[in-house]
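Undergrad: Based on what follows, work out the 3D shape:
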Amino acid sequence: MNEGETGILGRVRRSCAAVAAGSRRVRFCPEAADAFADRLLREGVPPAHFDPEHHFLGPPAERLAYVLTLDAINFGSGWFPLLARRPGCSGYQTVASRLRDRFLEAGPWSAAELAEIGAAEIARVLGQEGAGPEVRELMERYAGALRDLGTRILREHGGRFEGLVEQAGGSAERLVALLARSPFFDDTATHRGRRVCFYKRAQITVFDLALAFEHRGPGRFEDLHRLTSFADNLVPHVLRMEGVLRLDPSLEARIDAGCLLCAGSEEEVELRALGVHAVEELVRRLGQRGLAVIPAELDAHLWNRGQDPRIKAVRRHRCRTIFY
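TA: Presented below is the predicted three-dimensional model:
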C-alpha cells in the first residue's frame with residue numbers, strides 16, 4: 001500500500017474512490033477531466049492565499065486563535081441563502097469578515113469564554129440578530145461548536161490554542177486525526193453499508209493554518225501534500241459545470257429546483273465523494289502533463305473559480321449539516 005492509501009487521509013481517498021466506483025447518481029467523466037486538465041495547464045493554478053480582505057492576520061497568537069475559531073464554525077452552507085450577508089460577500093465571507101472585525105475590536109475569545117459562549121453572542125458578532133428560526137438554529141450550532149473547541153483547549157491544553165497545533169508535531173495528518181476526535185469534526189457517512197470518510201473541516205483547518213502563517217511556525221506541515229480536497233457543495237458544483245461530474249437528471253432537477261438534500265443520503269454522499277475523487281484524478285492528470293499541484297491547492301483554485309457569476313448563477317446542492 002503506497003503512502004497515499006495509509007492513515008486517516010488514506011481512508012478518505014480509498015472510501016471516496018470506492019463510492020466513485022459504484023455511484024448511481026453522480027459519474028466521473030474521464031474525457032472531460034482530460035479536457036479540463038488541459039485547460040488548467042494552459043491557465044495555470046495560482047498559489048492559494050489567506051485572503052486579507054476577509055480574514056484576520058494580526059499577531060501570531062491571535063491569528064492562530066482566529067483560524068481555530070473560524071474553522072470551528074466553518075459550516076452552514078445549507079443555511080447561507082437565509083443569512084444576512086454583507087454586501088458583495090458570500091455566506092462564508094460574511095462569517096469570516098465579521099469574526100475578523102470582532103478580533104480587531106476586542107481580540108480573541110479565551111478558551112474559557114468560548115466554553116461558555118451562547119448563540120445570542122454569536123448572532124450579534126455575525127450580524128444575525130433578529131434572524132428567523134432557521135438562522136437561529138445555525139447560531140445554536142455555531143455556539144455548540146465553539147463551546148466544544150473552548151472546552152477541549154481548556155481541558156487538554158491548559159487554555160493555550162497553540163497546544164493543539166503543537167501536539168501534531170508538524171504533521172498535517174496528525175492534526176486532522178486530533179481534530180477528528182471531536183464530534184463536530186468527525187465527518188464520516190455510510191454509503192451502501194460502507195463507511196465513507198471526508199474530514200472536510202479538519203483538513204481545511206490545517207490548510208488555513210498553512211496559508212495564514214505562510215507555511216512557517218504553526219503553519220509548517222511536512223506532509224501538507226497528503227491532504228485531499230475539502231468535500232463540500234461548491235467544488236462538486238464547479239466540476240459539474242465543467243462537465244467533469246455528470247449528475248443523474250432527476251438529481252440535477254432537484255438541485256436546480258433548490259430542494260435541500262438530506263445529510264448522509266446516498267446522493268449527498270456521492271456528490272461529496274465524487275468531488276474528492278475527481279480532484280485526485282485531476283491532480284494525477286496535471287502531474288502527467290508536468291504541472292505539480294497538491295489536492296488542497298487545486299481545491300482552493302476550484303473554490304475561487306466557483307465565485308464566477310456564470311457558475312454562481314446555477315444552483316449548487318444544499319444540505320444542512322455541521323460538516324460544510
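Undergrad: Neighbours of the closest residue to residue 75 other than its chain neighbours, how many?
TA: Once flanking residues are discounted, residue 75 sits nearest to residue 322: 5.1 Å by C-beta to C-beta, 6 or more residues apart in numbering. All C-beta spots, glycine's among them, are computed from the backbone N, C-alpha and C. Using other C-beta atoms under 10 Å, residue 322 has 21 neighbouring residues.
Undergrad: what are the phi and psi values for residue 322?
TA: Main-chain dihedrals, residue 322, degrees, to the nearest 10: phi -90, psi 0.
Undergrad: Pull the contacting residues for it.
TA: Contacts here follow C-beta atoms under 8 Å, 6 or more residues apart in numbering; on that basis residue 322 touches 75, 141, 145, 184.
Undergrad: Could I get the phi/psi values of the first one?
TA: Reported as degrees, to the nearest 10, the phi and psi values for residue 75 are phi -160, psi 180.
Undergrad: try the last one
TA: Backbone torsions for residue 184, taken as degrees, to the nearest 10, come to phi -80, psi -10.
Undergrad: I'd say it and residue 145 touch.
TA: Yes: between residue 184 and residue 145 there is a contact under C-beta atoms under 8 Å: 4.7 Å.
Undergrad: For residue 27, which three-state class applies?
TA: Classification of residue 27 using DSSP: H, G, I helix; E, B strand; the rest coil returns strand.
Undergrad: and the closest residue to it other than its chain neighbours, how many neighbours?
TA: Spatially, and ignoring its direct neighbours in sequence, residue 27 is nearest to residue 246 (4.6 Å; C-beta to C-beta, 6+ apart). Taking other C-beta under 10 Å as the criterion, the count of residues near residue 246 is 16.
Undergrad: Residue 246: what secondary structure?
TA: Under the three-state scheme (three-state DSSP), residue 246 adopts strand.
Undergrad: Tell me who's in contact with it.
TA: 26-27, 29, 240.
Undergrad: hmm, 10 Å instead?
TA: The contact partners of residue 246, by C-beta atoms under 10 Å, 6 or more residues apart in numbering, come to 25-29, 32, 239-240, 252, 274.
Undergrad: Pick the one among those closest to residue 173.
TA: The closest of the contacts of residue 246 to residue 173 turns out to be residue 274 (C-beta to C-beta; 23.0 Å).
Undergrad: Helices along the stretch 51-200 of the chain, start to end?
TA: Secondary structure of the stretch 51-200 of the chain (DSSP state H, counting those that start in this stretch): helices at 60-72, 91-106, 111-115, 119-125, 133-157, 161-168, 172-179, 200-212.
Undergrad: I misspoke; the intended subject was the stretch 201-324 of the chain.
TA: 234-241, 249-256, 266-288, 295-305, 309-312.
Undergrad: Quickly note the distance from the closest residue to residue 121 other than its chain neighbours to residue 193.
TA: Leaving aside its chain neighbours, residue 121 sits nearest to residue 143 (7.7 Å; criterion: C-beta to C-beta, 6+ apart). Distance, residue 143 to residue 193, by C-beta to C-beta, to the nearest Å: 35 Å.
Undergrad: Between those two, tell me which one has more neighbours.
TA: Between residue 143 and residue 193, residue 143 has the larger neighbour count (other C-beta under 10 Å), namely 20 against 5.
Undergrad: Tell me how far the closest residue to residue 221 other than its chain neighbours lies from residue 61.
TA: Ranked by C-beta to C-beta, 6+ apart and with sequence neighbours excluded, the top spatial neighbour of residue 221 is residue 172, at 4.0 Å. To residue 61, residue 172 is 21 Å away according to C-beta to C-beta.
Undergrad: Between the two, tell me which one has more neighbours.
TA: residue 172 (25 against 13).
Undergrad: Assess the claim that residue 93 and residue 53 are in contact.
TA: Yes: using C-beta atoms under 10 Å, residue 93 is in contact with residue 53, at 8.2 Å.
Undergrad: Settle it for me: which of those two has more neighbours?
TA: Of the pair residue 93 and residue 53, residue 93 is the one with more neighbours under other C-beta under 10 Å, namely 17 against 9.
Undergrad: For the more buried one, report the pLDDT, please.
TA: Here, the pLDDT recorded for residue 93 equals 96.
Undergrad: hang on, the earlier thing: pull out the buried members of the contacts of residue 246.
TA: 25-26, 28-29, 32, 239-240, 252, 274 (16 or more other C-beta atoms under 10 Å).
Undergrad: Under the pLDDT cut-off, which ranges of this structure? List them.
TA: Regions of the chain meeting the criterion pLDDT under 70 cover residues 1-5.
Undergrad: Go again with 80.
TA: Regions of the chain meeting the criterion pLDDT under 80 cover residues 1-6.
Undergrad: circling back: how about CSV for the helices of the stretch 51-200 of the chain, with distance to residue 37 added?
TA: Listed next are the helices of the stretch 51-200 of the chain as CSV, based on distance: least, C-beta to C-beta, whole Å:
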stretch, distance to residue 37
helix 60-72, 30
helix 91-106, 27
helix 111-115, 43
helix 119-125, 41
helix 133-157, 36
helix 161-168, 32
helix 172-179, 25
helix 200-212, 22
